[in-house]
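# With the sequence up front, the predicted model follows.
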Amino acid sequence: MGEDTESSKGNHSFLRDYVTEADVISTVDSTTQENLLATGDKGGRVVVFQRETVSSLLPPTSSHLLSSLLPLPPLLSQPKGELDQVGETGESGEYNVYSTFQSHEPDFDYLKSLEIEEKINKIRWLPQQNAAHFLLSTNDKTIKLWKVSERDKQPEGYNLKDEEGRVKDISTVTSLQVPVLRPTDLMVEVRPRRVFSNGHTYHVNSISVNSDGETYLSADDLRINMWHLGITDRSFNIVDIKPANMEELTEVITAAEFHPHHCHLFVYSSSKGSLRLCDMRASALCDRHTKLFEEPEDPGSRSFFSEIVSSVSDVKFSHNGRYLLTRDYLTAKVWDLHMEKGPVETYQVHDYLRTKLCSLYENDCIFDKFECVWNSSDSVIMTGAYNSFFRMFDRETGRGVTLEAWRETSKPRAVLRTRRIYTGGKRRRGDVGVDSLDFTKKILHMAWHPEENIIAIASTNNLYIFQDRVSPDTQGPDLGSDTI
Amino acid sequence: MEFKVEAHRIMSISLGKIYNSRVQRGGIKLHKNLLVSLVLRSARQVYLSDYYGGICLSAQQAREWCEGEYMASKQGKLVPGSTESLSESDEQSEVAVDKQETRDVVESPAGLHVETQASGEQDSAENGVSDSGCSDIKNPEESPEATQTCEVASVVTAISSNCISAHSPSDPKEETETPTDCQTDNSESAEKHSYEPKAPQAYTNRKRTADDSELTDSPTKRTKLTSTSLPSTNDENKGETEEMDTSNVSSLITIFGSSFSGLLSNKEGEQSDSEAEDSDSGQICCDQMLKNLNPWSTAIVAF
C-alpha cells in the first residue's frame, strides 16, 4: 500500500512504495466550510480534514494512507526560499485528518450486469446550520448524505446498564442514580443520514446544493434531477436531454450547478461546449433553456479533436453570482451571465498542447476533466494542468502564473516558485520542455477556501494545501511577473 | 495521402478505445464513447473523402452477396442485457441492438482479443462458430489475406461466446459453400445457425461476406423495418438502403481489420499488402458506402 510517513523535522523523507489505484483522490470540496475540507477517492472513502485554529499547533500527522499534507507552504511572488518558523501561534492552523469513512462500496447492477464503481465522483458540503456538518457524496449512481458530528461528552451512570453496556441484573440494583454527561475524548462520528438511490440511469457527474438549503440537484449524462434533502424515494427530473432515438445523441451533460443566490436558477454545461442557464420558474421540465451561452467555433482551428477539446469539463458560478467559469481541455473561460454570445475572458491554460492532441488522444489524456475554482473575491481563477502544475489567473491583469504541486520541490513552509513551460524563444534555467511533461501527474481536483486564500490541490493520491502567508485575508495572492 | 494515413490511424485507435471501454469497470461511459465516436466519424469522413468517385466494378455481384449474407445476420440480434441502461422498454430493443451493432463492429478489428472475448458476455443469439478461425489466427505464416479473413471469422466466433464449440469447423478458405447454402441457412433460427464464411468467386467478396456474417448494422435496420412492415426473417427483398449499409459496414470492417491484421502480423510488408488489398475492396464499395454513412455513424454515436 502507499504508505506515507512524514516527520515533523526538517528532513522529510517520504516512504512511498507505490500508489494504489484506490488512493487516488477523485474530488475535493470546501465550499461552504470554514474549517473543513473533504476529499473523496477512487476507493469510495471520504477523508475530512479540519483546520486547527487553536494556538498550540500539533505537528502535522499524516498517517493516513490517503494523503500526505504539506503544512501550508506559503504562496508568494517574491521568491524567498527561506523556511519560516514552524508552529507559529496565532496563524492559521494546519489541516489534520478529522475523520475518515467509507462512503460507497462497489455495487453491482444485476439487471444490467454492470459493476458500479465505488469511486466518489463529487462531494459537496451543505451550509452549516448547527453544530454538525453535513456533506453529500456521490458515486456513479447513488448519492448519500452524511452527518459529521463531534461528541465530547458521554452519559454515564445508567441504572439498567453497566459500564460496558451490558444489562445489569435487576436484583443487584439497590439505589437509583441520575445519569450524567461526562466529558470524554473528542470523538468524531460520521453517520449516513440519507441514501438517494435509483435516481439515475447514467453516471452521475455533478451534485450541487441549492441556496435554499433544502434541495440539491444531481446531474448525470442525460438528465438532471432535483432532490429534497429529506426525501429519498422521490426526485424531480428537471432536465432531460435524452433523445427519443439514441442514435441521434449528439451531446451529453458534463456539469451542473445551482446559482449561489437564486434558488430557481441553475446552469449546466454540455459536451459541445455550450452552457445553458435554466429558470425553474418557467416550467417544470427545464429542457428549454432560459439562456444559451455558446461561442461560435473558430473554423480555422478545426481538427479531428475539436469536439473533444471544446467539451466543458467543469462549470462554476462566481461567488457574486454574476459570472460563470468554465474549463475545457485547453482553456478556462469566464462568462458574464448577461452576455450569451461569448465569454468575456478566455485564458489559455496549456495552449502548447494544441499540436499534441493526437498523442494525447492516444494515451487518453485528452479526456481528462479538469476542474476550476474561483477565489473568495472572484478576482482570481485557478485550474489544473499536467506535470503537477496548476495555474492561477488574475482577472484584473489577465496574467497567469504556473505553480507546481510536487513535494520533491517544495518543503513545508517554503515559498512556491513559479514555473515556466519552454515553448520557444529564450530558455531560462528551470524551464520545462513540453516534451518532458509528465502526463500522468495531472491536477484535476482542487478547492479554494470560501473566505481565505487557502487552496487545496489534489495530485494523484496526495493533497497539497497552500496558503498565502503574507496576506491571508486580503483580496488575492500577489501574483508575480512570470507569465506563460 | 498523409491525411489518409493519419485518419486511418485515428480510426483504428478510436475503435480500439470503443472496444476497450466494454471491459472497463463501471460500465460504458457515455460521454467518452460519444466523443470517441465523433472523432471516429470525422476521421472516417476525411479518410473516405478521397474514395468518392471510385467505380464499383462488381458492385452488382457484391450487392447480391451482401443481400444473401445480410439475411443470415439479422436473426434475433436483440441483446438481452445491454450495457447502456435504459428503463424505457420501447427504446431498449433499438438501443440494445445499437449496442450490439457497435460492439460487433468493434470486435471485428479486435480479432487479437478473440480468446479473451470468447469468455466474455454472450451478446448475440447467433452461434455460428468457425473453430478453425480461432486456430487460423495463430498461424503467422498465413498470408495477410487469409489472416484477415480468419480474423473476421474468429470475430464471429467471439460474438457467439463459444469459441471452443462442437460446431462443425470449416476452413474459411474452403470454397465449397454456395450462396444458396447461405440462404437456406437463413431460414434456421439464429441459435442453430452455424454460420461459416461463404466462398464467393472473388476474394474480396468472400471477405465481405465473412464480415457480413457478424454484421451489426443490419440488425438495426432490421429492427426498424420490422416495426413498420416487413417480417424480420426470410425477407429477401431488401431495400437498397440496407444493402448499401451492409456493404458499407463490411468494407469498413475490412479496412479496420486490415490495420489490426497489420499489427498482428508485425510485418510492414504484410501490412501494406493487406491494406492495399483492403483499399481495393474498400474502393469497390465506396460509392455505396458514401451514400449511407450516416446510419452507421449515428449507430456508433448511440453506442
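Received it, and whenever you're ready, just let me know what you need.
# Might you list the low-confidence residue ranges for chain A?
A:1-20, A:54-93, A:408-415, A:469-484 (pLDDT under 70).
# Mind doing that once more with 80?
Along chain A, segments meeting pLDDT under 80 span A:1-23, A:31-34, A:53-93, A:163, A:165, A:301, A:407-418, A:423-426, A:429-430, A:468-484.
# Within range of chain B, give me the residues from it.
Residues of chain A lying close to chain B (Cβ under 8 Å from any Cβ of the partner chain) are A:109, A:111-117, A:119, A:140, A:201-203, A:205, A:221-222, A:244-252, A:254, A:271, A:304-305, A:307-308, A:311, A:358, A:361-362, A:364, A:367. Just so you know, the C-beta spots here come from the backbone N, C-alpha and C atoms, and that holds for glycine as well.
# Narrow these to those in strands?
A:109, A:114, A:115, A:116, A:254 (DSSP state E).
# circling back to that earlier point, just the buried subset of the residues of chain A next to chain B, please.
Among the residues of chain A next to chain B, those scoring as buried are A:112, A:114, A:116-117, A:119, A:140, A:201-203, A:205, A:221-222, A:246-247, A:249, A:251-252, A:254, A:271, A:304-305, A:307-308, A:311, A:361, A:367 (criterion: 16 or more other Cβ atoms under 10 Å in any protein chain shown).
# Wait, a strand at residue B:40?
No: counting by DSSP: H, G, I helix; E, B strand; the rest coil, one finds residue B:40 to be helix, located in no strand.
# I figured it hits residue B:14, correct?
Yes: using Cβ atoms under 8 Å, residue B:40 is in contact with residue B:14, at 4.0 Å.
# in chain B, what spans have low per-residue confidence?
The model of chain B has pLDDT under 80 over residues B:1-3, B:50-303.
# can you do 70?
Low-confidence segments of chain B (pLDDT under 70): B:50-303.
# what helices or strands is the helix or strand where residue A:326 lies leaning on?
Here residue A:326 is covered by strand A:323-327, with elements defined by DSSP states H and E. Applying 3 or more Cβ pairs under 8 Å, 6 or more residues apart in numbering or on different chains; DSSP states H and E, one finds that strand A:323-327 contacts strand A:314-317, strand A:331-336, strand A:372-374.
# That one pairs with which strands, parallel or anti?
strand A:314-317 (antiparallel), strand A:331-336 (antiparallel) (DSSP bridges).
# Same list, those, but as JSON lines with mean neighbour count please.
Output for the strands paired with strand A:323-327, formatted as JSON lines (neighbours: other Cβ atoms under 10 Å in any protein chain shown):
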{"stretch": "strand A:314-317", "mean neighbour count": "23"}
{"stretch": "strand A:331-336", "mean neighbour count": "21"}
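# Throw those into JSON lines and include distance to residue A:418, thanks.
Below are these laid out as JSON lines (distance: least, Cβ to Cβ, whole Å):
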{"stretch": "strand A:314-317", "distance to residue A:418": "24"}
{"stretch": "strand A:331-336", "distance to residue A:418": "18"}
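# picking up where we left off before, who's in contact with the strand holding residue A:326?
The contact list for strand A:323-327 (Cβ atoms under 8 Å, 6 or more residues apart in numbering or on different chains) reads A:267, A:269, A:275, A:293, A:312-318, A:332-337, A:343-344, A:349, A:370-374, A:378, A:381, A:383.
# From chain B, how far out is the residue nearest to residue A:402 when sequence neighbours are not counted?
Setting aside the residues directly before and after it, residue A:402 is nearest to residue A:419 in space (Cβ to Cβ, 6 or more residues apart in numbering or on different chains), at 4.6 Å. For residue A:419, the distance to chain B equals 30 Å [Cβ to the nearest Cβ, to the nearest Å].
# got it, and residue A:212?
Applying Cβ to the nearest Cβ to residue A:212 and chain B gives a distance of 29 Å.
# ok, for that residue, nearest residue in space, not its chain neighbours?
The nearest residue in space to residue A:212 (Cβ to Cβ, 6+ apart) is residue A:263, at 4.1 Å.
# Would you confirm that residue A:188 contacts residue A:99?
Yes: at 4.3 Å, residue A:188 and residue A:99 qualify as touching, with contact defined as Cβ under 8 Å.
# Have a look at the two and say which one is more surrounded.
residue A:99 (20 against 17; other Cβ atoms under 10 Å in any protein chain shown).
# what residues are up against the nearest residue to residue A:449 once chain neighbours are set aside?
Nearest residue to residue A:449, sequence neighbours excluded (Cβ to Cβ, 6+ apart): residue A:30, at 5.9 Å. Residues counted as contacts of residue A:30 (Cβ under 8 Å, 6+ apart) are A:36, A:37, A:38, A:125, A:447, A:448, A:449, A:450, A:456.
# I'd like to know which of those residues is nearest to chain B.
Closest approach between the contacts of residue A:30 and chain B, by Cβ to the nearest Cβ: residue A:38, at 22.0 Å.
# who's that closest one bridged to?
Assigned bridge partners for residue A:38, using DSSP bridges, are residue A:29, residue A:48.
# Please name the residues that touch it.
A:28, A:29, A:30, A:46, A:47, A:48, A:49, A:123, A:125, A:135, A:137.
# cool, residue A:196 as well?
By Cβ under 8 Å, 6+ apart, residue A:196 lies in contact with A:142, A:143, A:144, A:145, A:218, A:227, A:232, A:235.
# Identify the bridge partners of the third one.
Partner residues in beta bridges with residue A:144: residue A:137, residue A:195, with DSSP bridges as the criterion.
# How about the secondary structure of residue A:402?
Taken by three-state DSSP, the conformation at residue A:402 corresponds to strand.
# And for residue A:445?
strand.
# these two touch, right, it and residue A:455?
No: the pair residue A:445 / residue A:455 is not scored as a contact, 11.4 Å apart, by Cβ under 8 Å.
# how far away is the residue in the stretch 51-200 of chain A positioned nearest to chain B from residue A:246?
Going by Cβ to the nearest Cβ, chain B is nearest to residue A:117 of the stretch 51-200 of chain A, at 3.8 Å. Per Cβ to Cβ, to the nearest Å, residue A:117 is found 23 Å from residue A:246.
# correct me, but residue A:193 touches residue A:148?
No: judged on Cβ under 8 Å, residue A:193 makes no contact with residue A:148 at a distance of 10.3 Å.
# what is in contact with those two at once?
With Cβ under 8 Å, 6+ apart, residue A:193 and residue A:148 have common neighbours residue A:134.
# Same drill for those two, tell me which one is more crowded.
Under the criterion of other Cβ under 10 Å, the comparison of residue A:193 against residue A:148 puts residue A:148 first, with 21 against 13.
# The more buried one: helix or strand, and which one exactly?
Counting by DSSP H and E, the element that carries residue A:148 is strand A:143-156.
# Quick one: distance of that strand to the chain centre.
A distance of 23 Å separates the centroid of the chain from that of strand A:143-156, by Cα atoms, centre = their mean, to the nearest Å.
# Who are the packing partners of it?
Where contact means 3+ Cβ pairs under 8 Å, 6+ apart, strand A:143-156 is packed against strand A:95-102, strand A:133-138, strand A:180-196.
# what's the most buried one of the ones you listed?
The highest average neighbour count among those, using mean count of other Cβ atoms under 10 Å in any protein chain shown, belongs to strand A:133-138 at a mean of 24.
# With just CA atoms, put that strand into PDB.
Presented in PDB, the C-alpha positions along strand A:133-138 are these (Å, rounded to 0.1, in the frame of the first residue of the first chain):
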ATOM      1  CA  HIS A 133     -21.700  19.200   9.500                       C
ATOM      2  CA  PHE A 134     -23.400  17.600   6.500                       C
ATOM      3  CA  LEU A 135     -22.000  16.600   3.200                       C
ATOM      4  CA  LEU A 136     -23.300  14.900   0.100                       C
ATOM      5  CA  SER A 137     -21.100  12.400  -1.600                       C
ATOM      6  CA  THR A 138     -21.900  10.500  -4.800                       C
END
